[in-house]
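Colleague: based on what follows, work out the 3D shape:
(one chain, ligands or ions: 2)
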Amino acid sequence: MNGGEALVQSLKAAGVSHVFGLLGSTTMEVYDALYDCKEIKYVGVRDERAGTHMVDAYGRVLRRAGVFLAGQAGPGATNMVTGLAQAKIAYSPLVAITGLAASGHLGRDAFQEVDQQALFAPVTKRTMTVPRADRIPEFIKEAFRIATSGRCGPVVVQISRDLFAQNIESAIQKPADYAVVLHGMVNRGEVARIADMLRKASAPVIIAGAGVKWGDGTKALSELAQRLGIPVASSAGHGDVLPSDHPMFFGQVGPRGNTVASRLAREADLIVALGTRLGFNTTFYTYNDLAKDAPIVQVDIEPEAVGRYFPVALGLVGDAGATAAALDEMTADMQADTVPWRNWAARAAKDREALWRERDKEGESSRTPLTAARVFKEIRDVLPRDAIVTLDAGTMCLQATDQLRYFTTPGLLSPLDFGLVGFSYAAGLGAKAAAPNRPVVTLMGDGGFAMTMAEITTAVANDLPTVAVVLDNGCWGAEKAYQRDFYNGRYIGADIKSPPYNKVAELSGARGYAVTAPGELSDALRQALKDGEPAVVHVKVDPNAMVSFRRDTFTHRRSS
Ligand SMILES: Cc1ncc(C[n+]2csc(CCOP(=O)(O)OP(=O)(O)O)c2C)c(N)n1
Ligand SMILES: [Mg+2]
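Modeller: Residues are numbered from 1 along each chain as shown. Ligands and ions are numbered 1, 2, ... in the order given. Purely as a prediction, here's the structure:
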């Protein structure tokens, strides 16, 4: 077997179902081996950045590492940088494979040569260079192991082009045989201490983050919260940690969250942070939406994350999902109808219902162009319970995060803390590849959509039928908001004019819908989901529905 075949055999041994990639001469032997591999479907993309977003989403949906193959060393590899940085901060497992200049040319400023080791180091969990062809199986096994051990992350493996052609005799290594079994790790003695703290609390709140999803803890958390009547809020971007209609789930807390969830966290006398760093988008690193005097219990699989931004009364290294399950068991004696916080929690539940009623009422607006509230309501009305929603970082999507409902975990994929524009469409395609039977609905701004819209052809060619809803406010809205609010409306670089994306979709072989009037969005969405083909819905939305999010950084402008 040659190096290329060894690589593909190693991917097979890792249980990979798809390889996303873009062809390049550096890795021809790998492609030639993929040609014969019936077990792996190859998805050719139009841009490596978009491809890495697809694999990021694929990994989050399946909770295991997917593969991106940047066929070309140099330019093909450098195009991955943005997607890798995104995956690193989202803690998504991903294995990216790329070539390198021939080992006999390395270091000569050779054709398409760049110091890839240095380039990728800060945007990956690990970047590895395979030194010899016979070690390809070992390095691929190692990449999967590292990507998914403990807190996940992206790993790059790079291989000089000549190694792929060399014949080797190494045994293929199966990552599962070398797995670090951290998931499921729970310290029951320490969990008993959390149970004791709950027994003494009169207003406990659980803030649940991605760790609960990675630890498959949704069911346990749901039972715990319901039986004990403990309010649960999610960290930013993880509003899918429990179903939106769970009686004790209040959605996102903090600056990107809603008033009821944030009030609960401010009033709490015990905060249990399960699988969340309490990071920037959840807290702004402040106590604005956290009770300052409440002891914090923090549980995370990553030791470095515990107690990092806030002092903790109890810090535990462990799997958030398994911890929720153990806590559920150890509080079997407690019941929602006798806990001291029952009235407090019930009042919040009423307020949460009132908030949804208010949103639905605002969503009845018949104004054109469509208001944000109307757009979100029409989407809410149609989203199936098993839908996966992908969001981008613009102002419309940010507002949507807490305004849509998610019923199946995972059901929400967003750029999280990298906050990059241009993620959502590609992410939707990766999610669809991972979960072909679930409807995938992508929301995007008119700016962000154009960054990766070439991937419509990827959706068509590879039968990845997602429905993209492009919210056209004629501007880079999230940024224009700052010029409106802090720079006296001196707009520069803010407005954009987009082609009719529904037509772009049609020309690319997908279905297109244009929406301008109330009611049309839910109709188009319903139809597009029924058709089961790649579709783009172009929606004209209110250009004034912009929110300036980082008001904290413009205080110097307020006084001027
Ligand atoms: C790759 C990247 N470039 C630039 C930005 C800065 N940025 C953040 S939000 C935003 C506006 C996005 O516009 P659009 O996609 O139309 O969404 P809208 O805010 O209008 O809803 C920009 C340019 C970014 N976050 N990421
Ligand atoms: Mg826009």
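
Colleague: how far is stretch 476-484 from where the chain is centred?
Modeller: From the chain centre to the centre of stretch 476-484 is a distance of 24 Å (CA atoms, centre = their mean, to the nearest Å).

Colleague: can you list the buried residues in stretch 493-510?
Modeller: Neighbour counts over stretch 493-510 (16 or more other CB atoms under 10 Å) mark 494, 496, 498, 501, 502, 504, 505, 506, 508, 510 as buried. Placement of C-beta: from N, CA and C, glycine included.

Colleague: is ligand 1 contacted by that stretch?
Modeller: No. Using CB under 6 Å from any ligand atom, we find that stretch 493-510 stays clear of ligand 1, coming within 6.9 Å at best.

Colleague: per-residue confidence at the residue in the chain positioned nearest to ligand 2?
Modeller: Residue of the chain nearest ligand 2, by CB to the ion: residue 445 (3.6 Å). At residue 445, the model reports a pLDDT of 98.

Colleague: spit out the contact partners of it.
Modeller: For residue 445, the contacting residues are 392, 394-397, 421, 470-473, 476-478, by CB atoms under 8 Å, 6 or more residues apart in numbering.

Colleague: would CSV of these with neighbour count and secondary structure be doable?
Modeller: Output for those, formatted as CSV (neighbours: other CB atoms under 10 Å; DSSP: H, G, I helix; E, B strand; the rest coil):
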residue, neighbour count, secondary structure
392, 30, coil
394, 27, coil
395, 23, helix
396, 29, helix
397, 26, helix
421, 21, coil
470, 30, strand
471, 31, strand
472, 25, strand
473, 26, coil
476, 21, coil
477, 29, helix
478, 25, helix
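
Colleague: what segments of the stretch 151-300 of the chain are strands?
Modeller: With DSSP state E, counting those that start in this stretch as the criterion, the stretch 151-300 of the chain has strands at 154-160, 204-208, 232-234, 249-252, 270-274, 296-300.

Colleague: okay, now whatever residue of the stretch 151-300 of the chain ends up closest to ligand 1: neighbour count?
Modeller: Ligand 1 sits closest to residue 281 of the stretch 151-300 of the chain, with a gap of 12.9 Å, by CB to the nearest ligand atom. Number of residues near residue 281 (other CB atoms under 10 Å) recorded here: 20.

Colleague: can you check residue 75 too?
Modeller: So residue 75, with other CB under 10 Å, has 12 neighbours.

Colleague: what of residue 357?
Modeller: 10.

Colleague: for this structure, which residue occupies the most central location?
Modeller: Geometric centre of the chain, nearest residue: residue 413, 3.7 Å, by CA atoms, centre = their mean.

Colleague: enumerate every residue touching the closest residue to that one other than its chain neighbours.
Modeller: Nearest residue to residue 413 in three dimensions, chain neighbours excluded: residue 390, at 4.6 Å (CB to CB, 6 or more residues apart in numbering). Contact partners of residue 390, counting by CB under 8 Å, 6+ apart, are 57, 412-414, 423-425, 427-428, 431, 440-443.

Colleague: now intersect those with the helices, please.
Modeller: 57, 424, 425, 427, 428, 431 (DSSP state H).

Colleague: pick the one among those residues closest to ligand 1.
Modeller: The shortest approach to ligand 1 among those belongs to residue 424, at 9.0 Å (CB to the nearest ligand atom).

Colleague: OK, contacts around residue 120?
Modeller: Taking CB under 8 Å, 6+ apart, one finds 77, 80, 81, 84, 127, 156, 158 in contact with residue 120.

Colleague: let's go with 6 Å and repeat that
Modeller: Counting by CB atoms under 6 Å, 6 or more residues apart in numbering, residue 120 touches 127, 156.

Colleague: quick one: residue 98 is in a helix?
Modeller: No. Using DSSP: H, G, I helix; E, B strand; the rest coil, the assignment for residue 98 is strand, not a helix.

Colleague: check contacts around it.
Modeller: Residue 98 neighbours (CB under 6 Å, 6+ apart): 70, 73, 77, 158.

Colleague: so which of those is the most crowded?
Modeller: residue 70 leads these on contacts (other CB under 10 Å) with 30 neighbours.

Colleague: now do the same for that residue: its pLDDT.
Modeller: 98.

Colleague: tell me how far it lies from residue 321.
Modeller: Using CB to CB, to the nearest Å, we find residue 70 at a distance of 33 Å from residue 321.

Colleague: on that earlier part again, need the strands of the stretch 151-300 of the chain in TSV with distance to residue 101 and mean pLDDT, can you?
Modeller: Below are these laid out as TSV (distance: least, CB to CB, whole Å; pLDDT from 0 to 100):
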stretch	distance to residue 101	mean pLDDT
strand 154-160	7	98
strand 204-208	46	98
strand 232-234	46	98
strand 249-252	46	98
strand 270-274	46	98
strand 296-300	40	98
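
Colleague: chain neighbours aside, what residue packs nearest to the residue of the stretch 151-300 of the chain closest to ligand 1?
Modeller: Among residues not flanking residue 281 along the chain, residue 236 sits closest, at 3.6 Å (CB to CB, 6+ apart).

Colleague: what number of residues lie near that neighbour?
Modeller: 25.

Colleague: repeat for residue 267
Modeller: 14.
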